[in-house]
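Novice: A structural model of the following input is requested.
(chains A, B, C, D and E)
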Amino acid sequence: MGEGIQIYELQRMDLRGATVIDGFPSVGLVSSIVANYLINALQLRQIGIMDSPYFPTVSLVREGKPMNPVRIYAGSKPTTGPSDQLVVFISEFQPPPNLIKGIASTVLDWAQDQRCTQLVCPEGLIVDREAEAAHEAEVYGIGSTDRANEVLKKNGVAIFEEGVITGVAGVLLNEGRKRDFDVITLLSEAHPDYPDARAAARVIETIDKLLLHTELDARPLYEEAERIEMQLKSIHHQTEGVKKPASPQRPSMYG
Amino acid sequence: MGEGIQIYELQRMDLRGATVIDGFPSVGLVSSIVANYLINALQLRQIGIMDSPYFPTVSLVREGKPMNPVRIYAGSKPTTGPSDQLVVFISEFQPPPNLIKGIASTVLDWAQDQRCTQLVCPEGLIVDREAEAAHEAEVYGIGSTDRANEVLKKNGVAIFEEGVITGVAGVLLNEGRKRDFDVITLLSEAHPDYPDARAAARVIETIDKLLLHTELDARPLYEEAERIEMQLKSIHHQTEGVKKPASPQRPSMYG
Amino acid sequence: MGEGIQIYELQRMDLRGATVIDGFPSVGLVSSIVANYLINALQLRQIGIMDSPYFPTVSLVREGKPMNPVRIYAGSKPTTGPSDQLVVFISEFQPPPNLIKGIASTVLDWAQDQRCTQLVCPEGLIVDREAEAAHEAEVYGIGSTDRANEVLKKNGVAIFEEGVITGVAGVLLNEGRKRDFDVITLLSEAHPDYPDARAAARVIETIDKLLLHTELDARPLYEEAERIEMQLKSIHHQTEGVKKPASPQRPSMYG
Amino acid sequence: MGEGIQIYELQRMDLRGATVIDGFPSVGLVSSIVANYLINALQLRQIGIMDSPYFPTVSLVREGKPMNPVRIYAGSKPTTGPSDQLVVFISEFQPPPNLIKGIASTVLDWAQDQRCTQLVCPEGLIVDREAEAAHEAEVYGIGSTDRANEVLKKNGVAIFEEGVITGVAGVLLNEGRKRDFDVITLLSEAHPDYPDARAAARVIETIDKLLLHTELDARPLYEEAERIEMQLKSIHHQTEGVKKPASPQRPSMYG
Amino acid sequence: MGEGIQIYELQRMDLRGATVIDGFPSVGLVSSIVANYLINALQLRQIGIMDSPYFPTVSLVREGKPMNPVRIYAGSKPTTGPSDQLVVFISEFQPPPNLIKGIASTVLDWAQDQRCTQLVCPEGLIVDREAEAAHEAEVYGIGSTDRANEVLKKNGVAIFEEGVITGVAGVLLNEGRKRDFDVITLLSEAHPDYPDARAAARVIETIDKLLLHTELDARPLYEEAERIEMQLKSIHHQTEGVKKPASPQRPSMYG
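Specialist: From the prediction side, this is the model:
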């Protein structure tokens, strides 16, 4: 790939056996809300940056600290065990099609270098109106390997049998199958046009069941997901407003 | 070529003497229907993937397994003999012009590396309305070498004497001639605007005559071809619906 | 050049001292008609292919044989002598501006490698209406070297004194002058908008005078030129009709 | 990066411990006005050029000397001390998005090679109308490191807690954090549509407080800032007028 | 630079100490008229070609000789002395912005390799209507070095104190300053929209004063400049008419 996508580690951690969460924006921003929730709830620390000459030229300032638009966080799960680390990739920008394969490969290369053992992708799923009426909104799962599908079945997650998964999550599934690395996509029915906190909350409950075993209280979870939904809308508003005057499409003398 | 088109083998097989079927989409999706039919009817197994940074970022899920959009299947023909293997390339996406030469070279390089002995391309043929009335819809053949044209004549396939063949099949014919490798294009009159199951069924009958010698029963063949036609329309519907929200053309902050 | 234009020899011939004819499309398709005429009249055989990843992805089938869109033919002139070979480059496609310099260099490099001694480019010439009335339609010549201009004068071809020659023929003239290689452009007043058989026939008469010395009978020449004009229109019609459904501009899932 | 951005030193100076000011155009041209002011007020000399094949093809003539559009000036601060040098990058053109990361890296690489110790970016800040009424126009600061934020707090500069910084300044902040190099962005509320001399003057006062300790008289500062505002408008006018006839977008013969 | 701009020498000459004239098209074609005039008046001979894959694919035929669109001429000045050679670069095409830096570097690299000692760029200068009434039309000069500015002052040429110079001449000035090589731009007030022979004649008078010392008779100079103006308009007319049918923007089959 020529996109020069690279990961810079700000802090080294032993991440053997860790689970990686993909937080690149998806339908209904399901992955973004999930990633933000986990970073806050588990108090993960930033350990790295993903950058490329083709990523946006923007610094996000939060609590008086400047941040890159794509970041890596890590920390311990609340429950202990042999593989008690969690890693979260979070991106404040929607990668364009030509960067998606490079991003997916870079995430997976790095996860394998760190000897992480699985990767979980929260995704929104658009469902036909007719189908929607027929059943309860639900979370489906699909794994890149038989092992991964077994984990889903054992935890009672319905298998996504037929359909299409696009973007970073789609490529991660294909790559996981090619490399025999466990990638699990969790699909939650979501509204395609705005951040869907309820869809994200359903995925967080499933992640808790699969990975955290903390028996989260559902109520605050939904409230927190809604708070993040608001925050994301606000970032969107700010970047729209500021970006335009500062980045004209062609070189020009002053103006 | 700079498109980085590569073949990844998921499983090694001895394919010496095998025949390769090109299933990249053609007029009326003739090649796609034929490729799907052969994979199902002969119960071929997936042995590889073709991928490139410029291929779509999508995973197709079938029976709970994620799949790349371009795949290679192989298996034994129903009749035994010294060269009893069949290999099928199938693509769920229509390659744009700038990838066509790279795809054709990669298919042919791989087929020669594996010591496969011939390549068959099912193609749809658009015929002028006036001409259409004058004769029965038929399958024509054209080979890259004199040997290949002999095979066609011996099996009673009418030779395509004058005309133009575009896309992957056209390049494979030219390359076959250049490399002195047997490439056979089978052209069946097809409707250009929708998957044409009947045109595909006529090609399958010809392939049976040339390669399989199983004397297929025509009726179920036409029914099966129509079932695949439906399935392809459905995949098309799903990818259209899902792709749009997830892949904007330019980088943008959330939205 | 990064266009990867290459010549593949299908058959080796000793072409020392041969004359090369450039048949890349020009104004009024003068060069294409001339090249086709010479191939037929002198029964030249195809000896090679010119190809590039940027050439069209199309196979032309004639008399049951697939052919690349750019081909090289060669054979003996009807009259014998020390340099009795003729080579013709013929192209079924109009090269876009970014390929023209690469094509011209590749033709000339190859001609010099083969120790051919001169290159002749038939060209159409658009003339102002006012000027047109004033004189008989005529063939002008211009050479890259003093030697080449001498040959023209000795054979009574009027020198093209002032003007502009564009495309492959223009670049070949410049390159010929730079390399001190004899390039002769023959310009015949032609209609810019359709294949002009009469303009081509006038150039063939001049080529006969300069190179072949066969004293061609004029009548069948004009009839033959008109037959080729028809054939070219027909190829144009077929490639237009077939090309569209098979080569969409962007990758897309089925459809 | 492939943009070939390079710094050429016209004159070598020992710049260990120096502070670098980023004068690439920002919202309200705040950085440009500040950079021009400092060059004039401290009588800095040009020590270098930044250039790239993608920078504008223009020479700015001032006082009978031709100048590149991006230049580096340096000189001593009015107060002496161990690190008494100041370096200013000034650009007469607004870099397009694809050059911003390359420019920021090149500035920072060079600053680190010279062993400069910090980099200050003046920036304009667009504020919502409603918010504007609520408080006095003010200068905020944000540092790439805890050290840099400490300097701001010690000097009474309000910390920019939450928001988005785009362009060269945004990338410099991110890079500064990644490299643990002190980058300070000073944000002054500015009008986005024209050069805002008052916003720039507020930043100059802050720079004086942080770096120069000269207790500048405010009146002439504001007058001088306004004079520069006029000059920038005039350059803009000239480059617009002259550029058009001389640089058509495509190659063309005379005209 | 990746534009592959190269100079080919057709004939070697000892050009040590020579003055180079830049004849790439400028405002009012001032440089083109000056370059043509000097080539004719001093009977300079063509010694080389400048070419690039991105230059136009065109051959200009003059007096029965094909020529590249960018050429180098050289010869002796009418007055003798230690540095009595003159070199002229002349271009029949207006370089697009992306080629300008490459052209300027190539000219200067070559001039330095040949040990030429200075470069003179004739340029048109657009002046505001109001300003125009206030003074006599005049020639201004600006040099890349103090040495060059001294030469201008000694010969009574007014210095261009403030303003903007774009295109090849602008880049040559910047490069000359960077390399400490004497580049002199002579600016003559010119009409931006058509070839301005009078503006060019004023520059020729200044060049005569600076370099040739022949005390040219003004009358025939102005007449000759007008003759060249006509010739340039005619070339422009011809290239427009011929170019279109021969160079479509995309590959296409015949037509």
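
Novice: what's across from the residue of the stretch 51-200 of chain A found nearest chain C in the sheet?
Specialist: Closest residue of the stretch 51-200 of chain A to chain C, C-beta to the nearest C-beta: A:Val164 (8.2 Å). No exception for glycine: its C-beta is placed from N, CA and C like everyone else's. Beta-bridge pairing of A:Val164 under DSSP bridges involves B:Leu60.

Novice: count the residues that sit near it.
Specialist: 22 (other C-beta atoms under 10 Å in any protein chain shown).

Novice: and it, what pLDDT?
Specialist: Per-residue pLDDT puts A:Val164 at 92.

Novice: does it touch B:Arg62 like I think?
Specialist: No. Contact status for A:Val164 versus B:Arg62: not in contact, 10.1 Å apart, counting by C-beta atoms under 8 Å.

Novice: A:Ile204: which element?
Specialist: helix A:197-207 (DSSP states H and E).

Novice: quick one: is stretch A:21-29 near chain B?
Specialist: Yes. Stretch A:21-29 is in contact with chain B by C-beta under 8 Å from any C-beta of the partner chain, via A:25-27, A:29.

Novice: neighbour count and pLDDT added to these, as TSV?
Specialist: TSV is the format used below for the residues of stretch A:21-29 next to chain B (neighbours: other C-beta atoms under 10 Å in any protein chain shown; pLDDT from 0 to 100):
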residue	neighbour count	pLDDT
A:Pro25	27	92
A:Ser26	31	86
A:Val27	25	86
A:Leu29	30	88
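
Novice: which one of those sits closest to D:Asp193?
Specialist: The nearest member of the residues of stretch A:21-29 next to chain B to D:Asp193, counting by C-beta to C-beta, is A:Pro25 at 31.4 Å.

Novice: state the distance from the closest one to A:Asn36.
Specialist: For A:Pro25, the distance to A:Asn36 equals 11 Å [C-beta to C-beta, to the nearest Å].

Novice: if we can go back for a sec, how close does the residue of the stretch 51-200 of chain A closest to chain C sit to B:Pro69?
Specialist: 10 Å.

Novice: joint contacts of the two?
Specialist: B:58, B:60 (C-beta atoms under 8 Å, 6 or more residues apart in numbering or on different chains).

Novice: pull the number of nearby residues for A:Gln43.
Specialist: Neighbours around A:Gln43, by other C-beta under 10 Å: 11.

Novice: quick one: it and A:Ser76 touch, right?
Specialist: No. A:Gln43 lies out of contact with A:Ser76 (C-beta under 8 Å); the separation is 9.3 Å.

Novice: using the three-state scheme, assign the nearest residue to A:Glu175 once chain neighbours are set aside.
Specialist: Using C-beta to C-beta, 6 or more residues apart in numbering or on different chains and skipping the chain neighbours, the partner closest in space to A:Glu175 is A:Leu108 (5.3 Å). Secondary structure for A:Leu108, judged by DSSP: H, G, I helix; E, B strand; the rest coil, is helix.

Novice: how many neighbours does A:Leu108 have?
Specialist: 22.

Novice: rewinding a little: so what touches the helix holding A:Ile204?
Specialist: So helix A:197-207 is in contact with A:21, A:28-30, A:33-34, A:37-38, A:120, A:122, A:124, A:137-139, A:141, A:155, A:157, A:186, A:188-191, A:216, A:218, A:221-222, A:225-226, A:228-229, going by C-beta under 8 Å, 6+ apart.

Novice: report the mean per-residue pLDDT for that helix.
Specialist: Per-residue scores along helix A:197-207 average to 91.

Novice: buried set for stretch A:24-38?
Specialist: Residues of stretch A:24-38 classed as buried by neighbour count (16 or more other C-beta atoms under 10 Å in any protein chain shown): A:24-38.

Novice: ok, of those, which one's closest to C:Glu175?
Specialist: Using C-beta to C-beta, the buried residues of stretch A:24-38 come closest to C:Glu175 at A:Phe24, 51.4 Å.

Novice: contact partners for that closest one?
Specialist: A:31, A:89, A:91, A:94-95, A:103, A:167-169.

Novice: quick one, phi psi at it?
Specialist: When read as degrees, to the nearest 10, the backbone of A:Phe24 gives phi -70, psi 140.

Novice: who does the residue nearest to A:Thr145 when sequence neighbours are not counted bridge with?
Specialist: In space, and not counting its chain neighbours, A:Thr145 is closest to A:Asp182: 5.5 Å by C-beta to C-beta, 6+ apart. For A:Asp182, the beta-bridge partners are A:Gln118 (DSSP bridges).

Novice: wait, A:Asp182 sits on A:Gln118?
Specialist: Yes. In this structure A:Asp182 lies within contact range of A:Gln118 using C-beta under 8 Å: 4.1 Å.

Novice: which residues do those two both contact?
Specialist: A:Ala148.

Novice: centroid residue for chain A?
Specialist: Against the mean C-alpha coordinate of chain A, by C-alpha atoms, centre = their mean, the closest residue is A:Gly23 at 1.5 Å.

Novice: returning to what we had before: in a markdown table, list the residues of stretch A:21-29 next to chain B along with secondary structure and distance to C:Asp84.
Specialist: Shown next, in a markdown table, are these (DSSP: H, G, I helix; E, B strand; the rest coil; distance: C-beta to C-beta, whole Å):
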| residue | secondary structure | distance to C:Asp84 |
| --- | --- | --- |
| A:Pro25 | coil | 71 |
| A:Ser26 | coil | 71 |
| A:Val27 | helix | 72 |
| A:Leu29 | helix | 76 |
